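Engineer: I would like to see how this sequence folds:
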Amino acid sequence: MASTATRRVKQGYLMWMPTMPMVLLHAEHATESSPAKAIFRVLPKMTKHEVKEYLTKIYDLPVVQVRTQNYLGKRMRIIGKRQIVYAKRPDYKKAFVTFDNTLADTGLGCFVPGVNTKEAGK
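Structural biologist: Numbering: from 1, shown residues only. Next up is the predicted model:
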């Protein structure tokens, strides 16, 4: 008779698939005194190692340091005609990523001639 116990996953090689969303909130260009930095909103279960691996292997970004902060979702009170309903937004985590000095431009704020000038619309 077969046991009803769940199967155990073989330890060792686990394949990690990038199914966790990362939303870019803010990015700063590199200057002479500081490297390029970016802030991402990630799922609370993502670790620093997963964030670094995600950015390094998928986007080929030279990540030096990852710092994280956990945030609790905002609690709300919705007042109706007959009852008061309490709700809560989901918890989230912010990942503060510092890149290597070799990354000069984060891709934001680039000047494109003909698009950013006022004369292009005339």
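Engineer: can you map out the helices along the protein?
Structural biologist: With DSSP state H as the criterion, the chain has helices at 48-59.
Engineer: quick one: low-confidence ranges for it?
Structural biologist: The model of the chain has pLDDT under 70 over residues 1-18, 104-122.
Engineer: how about the strands in it?
Structural biologist: For the chain, strands defined by DSSP state E occupy the ranges 23-28, 37-42, 63-71, 75-79, 84-88, 92-99.
Engineer: Which of the residues in the second one are classified as buried?
Structural biologist: So the one you mean is strand 37-42. 37-40, 42 (16 or more other C-beta atoms under 10 Å). For glycine as for every other residue, the C-beta is placed from the backbone atoms N, C-alpha and C.
Engineer: surely residue 92 meets residue 42?
Structural biologist: Yes: the criterion here is C-beta atoms under 8 Å, and residue 92 meets it with residue 42 at 7.5 Å.
Engineer: wait, which of the buried residues of strand 37-42 is closest to residue 23?
Structural biologist: Set against residue 23, the nearest of those by C-beta to C-beta is residue 40 (6.4 Å).
Engineer: Which residues are in contact with the closest one?
Structural biologist: Under the criterion of C-beta atoms under 8 Å, 6 or more residues apart in numbering, the neighbours of residue 40 are 22-25, 51, 94-95, 97.
Engineer: cool, and residue 92?
Structural biologist: By C-beta under 8 Å, 6+ apart, the contact set of residue 92 is 41-44, 71, 73.
Engineer: one more time with 6 Å, if that's ok
Structural biologist: Neighbouring residues of residue 92 by C-beta atoms under 6 Å, 6 or more residues apart in numbering: 41, 71.
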